[in-house]
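**Q** Below are the sequence and a predicted model for it; my questions follow.
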Amino acid sequence: MNRTEAREWVVKILYQYDVSKLPIEKIFEHFYEENDPGAQRDYIEETVRGAISHLEEIDREIEKYSKDWPLYRMPKIDLAILRCSIYEMLYGNIPVSVSINEAVEIAKKYSTDDSPSFINGLLGAFVREKRLEEGEANDN
């Protein structure tokens, strides 16, 4: 499994966590029964657990930049994509441009036709206001 595939699994796991309300350990247990993430296991677990532990903060950021589009009205998959990307930019060692590009590509694959531009715009505004450098990992 490469990093792009691992990031898709992070989004899927965050989506399942949001929709099912199952404990994250149960979700991971099921995931590992059917998938072998190999070297990406640490990235997947750290990103999912990190996003969940910072969920309130991340959701406040999403609400701030979503321009009158409340979280409950967003497609759940878009919310999972945004949570993954914002977590990566704030706490991961992932270049900002990589995180945004990957988020847009995941949206193209799994969400609505309008989602890629919505996600790109929201993440772009987030990066500009937070003064995160394009193409560089955040040093939080």
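**A** Cool, got the structure.

**Q** Pull up the distance across stretch 66-74, start to finish.
**A** One end of stretch 66-74 to the other measures 9 Å (C-alpha to C-alpha, to the nearest Å).

**Q** May I see the buried residues of it?
**A** Neighbour counts over stretch 66-74 (16 or more other C-beta atoms under 10 Å) mark 66, 74 as buried. (Each C-beta comes from the backbone N, C-alpha and C, glycine too.)

**Q** what's the helix or strand for the residue nearest in space to the middle of the chain?
**A** For the chain, the residue nearest the mean C-alpha position is residue 84 (1.5 Å; C-alpha atoms, centre = their mean). Per DSSP states H and E: residue 84 is located in helix 76-91.

**Q** got the contact list for that helix?
**A** The contact list for helix 76-91 (C-beta atoms under 8 Å, 6 or more residues apart in numbering) reads 7, 10-12, 14-15, 18-19, 47, 50-51, 54-55, 58-59, 61-62, 71, 94, 96, 99-100, 102-103, 106-107, 110-112, 115, 118-119, 122-123, 126-127, 130, 132, 138, 140.

**Q** Nothing else from me, thank you.
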